[in-house]
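In: Could you look at this predicted model? Sequence included:
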Amino acid sequence: MLTKRIIPCLDIKDGRTVKGVNFENIRDAGDPVELGALYAQQGADELVFLDITATNEKRKTLRELVNRIAHHINIPFTVGGGISSVEDVSLLLQNGADKISVNTSAFKRPELISELAKEFGSQCVVLAIDTKQEEDGQWYVYLNGGRVKTDRLCMNWAREGVDRGAGEILLTSMNNDGTKKGFALDITKELAGSLSVPVIASGGGGTKEHFVDVLGAGKADAALAASIFHFKEIGIPELKEYLQEHNITVRL
Amino acid sequence: MGLAIVKYNAGNIQSVLYALERIGRQAVVTDDPAVLRSADKVIFPGVGEASTAMEYLRARGLDELIVGLKQPVLGICLGMQLMCSYSEENDTSCLGIFETSVRKFDGRGAEVGVGAGLKVPQIGWNNVFDLRSKLFDGVPENSYCYFVHGYYAALSEDTIGKTKYGLTYSSALHKGNFYGVQFHPEKSAQVGERILQNFIDGV
């Protein structure tokens, strides 16, 4: 049976792992390759590397890092952060990335998703969406790491992304991210229950129960988290055993 | 003269090369017929679309070359599908090594109670079972491997491993010197590394 996936996310700046709490205040949590290999060994199902470097050397350092990751890690990994062209993606895939994720650049130019799907296949195109529930109760798309609000509804944008060829949706709830109070079950369930592609839930996972909730009631295909793994608050083996005890199919 | 990986217009060739390096093996990536014919073992990887890949192979005579190889050959993912007789993906006639066809996951033939609401492509870790080949020496029944695919090879006499996704299909095939796996051993952690080792040392 196809399992639910547990995905540690490593935020990268200048080749080092960082984690933003509510997308700000970053702390250093080590070497991405070492940390990634450790997670793979512990039973992580995939890894996501999100590059938040904003310098001119970004492309080169990221390409070198991706190449090093690909040499050392024996599970699939996704690379995201500032990817805005077919050429960017080609370079990352050539260096061994399995998938790439696009966010702001795809929202600003949705044709990018279609171009990437056509050139490389939907299986390697992940559409990342940062979303926030406003006072009107609706979930809106945010851009630029959550700093810029748009008027587009999350569900509407996700549907367009899938129609254009995105193979997975990485959904981050800004209301929940960094709170450790649980994932946003409602919007996750809405997307996962109606889209034809897998949905990766992100933001808010703080306890093992939260993962049971989002992979069970929330219908997510995968759950992503960062600091709880980096700071050893929850170990991947114990999390997966807990999920199995609660009738969530996982790879052990 | 060692391991050769077939070079063509399909993704994941680098990943296979790196996976071999991790288990201490070197390989050459080549479309040179002489090098491919003289290799001890050949790996035919692939992520992509069937008709485009077949066109590319035919234009370079690689289709006949692969069919004519005498040493052990391992097809991975699209590579395995291209080794079947036919693929529904853009109505593509394939290499005809394995006597089975490749169909789309679209609910046809789904087993009762498991066919509804399946997401396509299948992305993630799934079990392989009914394993019967040296390729799986030391690999326990129901081990998890990593899959990414929207089309599957139907069960046939050549099936040496099965997986269930809505229905039961061939996740591994074998005929003569040809082997194929639908999953990605190069991304399937220790289980995948064992299968690659078995192909190199055991078959």
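Out: Now that the structure is in, tell me what you want to look at. Numbers count the residues shown, from 1 in each chain, chains lettered A, B, ... in the order given.
In: Return the residues of chain A in contact with chain B.
Out: Within chain A, the positions adjacent to chain B are A:1-3, A:5, A:40, A:45, A:70-72, A:74-76, A:93-96, A:98, A:120-124, A:167-168, A:196-198, A:221-222, A:251 by Cβ under 8 Å from any Cβ of the partner chain. All C-beta spots, glycine's among them, are computed from the backbone N, C-alpha and C.
In: Buried ones only from the residues you listed, please, as a PyMOL command.
Out: Command for PyMOL, covering only those of the residues of chain A next to chain B found buried under the criterion 16 or more other Cβ atoms under 10 Å in any protein chain shown:
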select buried, chain A and resi 2+3+5+40+45+70+71+72+74+75+76+93+95+96+98+120+121+122+123+124+167+168+197+198+221+222+251
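In: In helices, which of the residues of chain A next to chain B appear?
Out: Counting by DSSP state H, the residues of chain A next to chain B place A:40, A:70, A:71, A:72, A:93, A:94, A:120 in helices.
In: Surely the third one and residue A:95 touch.
Out: No - distance between residue A:71 and residue A:95: 9.7 Å, which falls outside the contact criterion (Cβ atoms under 8 Å).
In: Any figure for the gap between whichever residue of the stretch 151-252 of chain A sits closest to chain B and residue A:173?
Out: In the stretch 151-252 of chain A, no residue comes nearer to chain B than residue A:251, which is 4.2 Å away by Cβ to the nearest Cβ. To residue A:173, residue A:251 is 25 Å away according to Cβ to Cβ, to the nearest Å.
In: And for residue B:126?
Out: Going from residue B:126 to residue A:173 by Cβ to Cβ gives 28 Å.
In: element containing residue A:107, please.
Out: For residue A:107, the element it lies in under DSSP states H and E is helix A:104-108.
In: next one: residue B:52
Out: helix B:50-59.
In: Contacts for that helix, please.
Out: B:8-10, B:46, B:62-63, B:66, B:78, B:81-82, B:87, B:89-94, B:102, B:151 (Cβ atoms under 8 Å, 6 or more residues apart in numbering or on different chains).
In: Which ones, among those residues, also lie beside chain A?
Out: Within these, nothing lies near chain A by Cβ under 8 Å from any Cβ.
In: mind listing which of these are in strands?
Out: Among those, the ones falling in strands (DSSP state E) are B:87, B:92, B:93, B:102, B:151.
In: top of the residues you listed by neighbour count?
Out: Highest neighbour count within these: residue B:102, with 27 neighbours (other Cβ atoms under 10 Å in any protein chain shown).
In: List the residues that contact it.
Out: B:50, B:81, B:84, B:86, B:87, B:88, B:89, B:94, B:151, B:152, B:153, B:154.
In: Adding pLDDT, write the residues you listed out as JSON lines.
Out: What follows is the contacts of residue B:102, written out as JSON lines (pLDDT from 0 to 100):
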{"residue": "B:50", "pLDDT": "90"}
{"residue": "B:81", "pLDDT": "97"}
{"residue": "B:84", "pLDDT": "98"}
{"residue": "B:86", "pLDDT": "96"}
{"residue": "B:87", "pLDDT": "95"}
{"residue": "B:88", "pLDDT": "95"}
{"residue": "B:89", "pLDDT": "91"}
{"residue": "B:94", "pLDDT": "97"}
{"residue": "B:151", "pLDDT": "94"}
{"residue": "B:152", "pLDDT": "96"}
{"residue": "B:153", "pLDDT": "97"}
{"residue": "B:154", "pLDDT": "97"}
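In: circling back to that earlier point, which residues belonging to the helix holding residue A:107 are considered buried?
Out: For helix A:104-108, a neighbour-count test (16+ other Cβ under 10 Å) marks A:104, A:105, A:106, A:107 as buried.
In: can I get the CA coordinates of stretch A:61-72 in PDB?
Out: The C-alpha coordinates for stretch A:61-72 follow below in PDB (Å, rounded to 0.1, in the frame of the first residue of the first chain):
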ATOM      1  CA  THR A  61      26.300  27.700  -4.500                       C
ATOM      2  CA  LEU A  62      22.900  26.100  -4.800                       C
ATOM      3  CA  ARG A  63      24.000  24.000  -7.800                       C
ATOM      4  CA  GLU A  64      27.100  22.800  -5.900                       C
ATOM      5  CA  LEU A  65      25.100  22.000  -2.800                       C
ATOM      6  CA  VAL A  66      22.500  20.100  -4.900                       C
ATOM      7  CA  ASN A  67      25.300  18.100  -6.500                       C
ATOM      8  CA  ARG A  68      26.700  17.200  -3.100                       C
ATOM      9  CA  ILE A  69      23.300  16.200  -1.700                       C
ATOM     10  CA  ALA A  70      22.700  14.000  -4.700                       C
ATOM     11  CA  HIS A  71      25.900  12.200  -4.200                       C
ATOM     12  CA  HIS A  72      25.300  11.500  -0.500                       C
END
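In: Could I get the average pLDDT for the helix or strand hosting residue A:187?
Out: Residue A:187 belongs to helix A:185-194 when elements are defined using DSSP H and E. Summarised as a single mean, pLDDT over helix A:185-194 is 96.
In: Tell me the helix or strand right after the helix or strand where residue A:37 lies.
Out: Residue A:37 is part of helix A:32-42 when elements are defined by DSSP H and E. Per DSSP H and E, the first helix or strand lying C-terminal to helix A:32-42 is strand A:47-51.
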